[in-house]
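Asker: Predicted model, plus sequence, below.
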Amino acid sequence: MLLFCPACGNVLVAEEGPRCHRFACTTCPYVRNVTRKGPGRRGARAGAGGRRGAGRGPLTGGVPQVTSRKYPRLKEVDDVLGGAAAWENVDSTAEPCPKCEHPRAYFMQIQTRSADEPMTTFYKCCNAQCGHRWRD
């Protein structure tokens, strides 16, 4: 049986807590303590007027508790176009900036799709105060 986190929808994992076992989410701080209800056997018949397995279950949860959890360090984001160093040795052309109307822009062409598609041209405004980037 899988249990899912009501906050983020990820699968809860079983772990041993300080006083009891619990289900915890590995993504968010959601924790659900687990207690055992009754000594019932699986598949045994219920008492008179009851149905098979009614009201019995090995796991019952009380009020959900959220405790603090240490999150893993996030990965650093890589600049797909090579960062600031990629724009150091590029040519400029007479392409007006759509943001500040500066008449020139740096450009570079990169093959972003398959070989039978044209290359994508990336522009960066030559105006140091603007620096707007766009593609064509």
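Answerer: On my side now, so go ahead.

Asker: Please name the bridge partners of C125.
Answerer: A105 (DSSP bridges).

Asker: from the middle of its chain, how far away would stretch 123-135 be?
Answerer: The chain centroid and the centroid of stretch 123-135 are separated by 31 Å under CA atoms, centre = their mean, to the nearest Å.

Asker: average pLDDT for it?
Answerer: Stretch 123-135 shows a mean pLDDT of 91.

Asker: repeat for stretch 77-88
Answerer: Mean predicted confidence for stretch 77-88 is 71.

Asker: Repeat that for stretch 21-36.
Answerer: Rounded mean pLDDT across stretch 21-36 is 85.

Asker: Can you give me the buried ones in it?
Answerer: 22-25, 28, 30-34 (16 or more other CB atoms under 10 Å). Where C-beta positions appear, they are placed from N, C-alpha and C, glycine not excepted.

Asker: try stretch 89-109
Answerer: Using 16+ other CB under 10 Å as the burial criterion, the residues of stretch 89-109 that qualify are 95, 97, 102, 105-108.

Asker: just the residues you listed now: which is nearest A85?
Answerer: Set against A85, the nearest of the buried residues of stretch 89-109 by CB to CB is M108 (11.9 Å).
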